[in-house]
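Student: starting from these lines, generate the structure:
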Amino acid sequence: MAPIQIFIDADACPVKDEIYKVAGRYGLKTWVVSNSFIQIPQSPLVARMIVDAGPDVADDWIAENIGPGDVAITNDIPLAERVLKAGGHAIAPNGKPFTENSIGSAIAQRALMEQLRSTGDILGGPKPFDRNDRSRFLQALDEVIQKERRRRA
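Tutor: Predicted coordinates for the structure are as follows:
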């Protein structure tokens, strides 16, 4: 079985440094996928993948390369759904795991929020990212890696 890999939907990811630390602790290959240059640590475990600009190009690359048991870090709900269909794990940077049980309601809520924003009924975005989100993320990432390692053992 191939080793666990981590894929970061990196353009707007606020927890890249945390991912590098956790991945380094477990010795996991980490792909930093973006459509522009992003500084990454010099490590054989961390690779940069710069894709063409355009909607969903980074998402497509992640979805095409992620395998069963791999982990994707993304806020993008449609990408999370694709990751789950490929047998991977998807976690939002705020620590919220996307699961087979939660992805349907996340997609429905996303559609509802888009509709409300388009009519002007909602003007703001999500709450600001804070320390608690970062802590929840670190716990969720560690848990999913431990779970996947146990499953593979």
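
Student: other residues contacting the host helix or strand of Phe7?
Tutor: Secondary-structure element containing Phe7, defined by DSSP states H and E: strand 5-9. Contacts with strand 5-9, where a contact means C-beta atoms under 8 Å, 6 or more residues apart in numbering, come from 16, 19, 23, 28-33, 58-59, 62, 65-67, 70-76, 79, 83, 88. Yep, even glycine has a C-beta here, placed from its N, CA and C like the rest.

Student: worst mean pLDDT across the helices and strands of the chain, which element?
Tutor: Across the helices and strands of the chain, mean pLDDT, DSSP states H and E gives its lowest value to helix 103-118, namely a mean of 65.

Student: any idea of the mean pLDDT for the helix or strand just after that one?
Tutor: The element immediately downstream of helix 103-118 (helix or strand, assigned by DSSP H and E) is helix 131-152. Helix 131-152 shows a mean pLDDT of 96.

Student: repeat for stretch 75-88
Tutor: Along stretch 75-88, the predicted local confidence has a mean pLDDT of 94.

Student: would you mark the buried spots in that stretch?
Tutor: Residues of stretch 75-88 classed as buried by neighbour count (16 or more other C-beta atoms under 10 Å): Asn75, Asp76, Ile77, Leu79, Ala80, Glu81, Arg82, Val83, Leu84, Ala86, Gly88.

Student: please apply the same query to stretch 16-26.
Tutor: Judged by neighbour count using 16+ other C-beta under 10 Å, the buried positions of stretch 16-26 are Lys16, Glu18, Ile19, Tyr20, Val22, Ala23, Tyr26.

Student: what does stretch 39-53 give?
Tutor: Going by neighbour count (16+ other C-beta under 10 Å), the buried part of stretch 39-53 is Ile40, Val46, Met49, Val51.

Student: restricted to strands, list those.
Tutor: Val46, Met49 (DSSP state E).

Student: would you check which pair of the buried residues of stretch 39-53 lies furthest apart?
Tutor: Of all pairs drawn from these, the one with the longest distance (C-beta to C-beta) is Val46 and Val51, at 16.6 Å.

Student: what's the helix or strand for Glu81?
Tutor: Here Glu81, judged by DSSP H and E, is contained in helix 77-85.

Student: quick one, that helix and strand 5-9 angle?
Tutor: 170 degrees (axes from the mean of the first three to the mean of the last three C-alpha atoms, to 10 degrees).

Student: which strands or helices does the helix or strand following helix 77-85 pack on?
Tutor: As assigned by DSSP H and E, the chain's next helix or strand after helix 77-85 is strand 89-91. Other helices and strands packing on strand 89-91, by 3 or more C-beta pairs under 8 Å, 6 or more residues apart in numbering; DSSP states H and E, are strand 71-73, helix 77-85, strand 97-98, helix 131-152.
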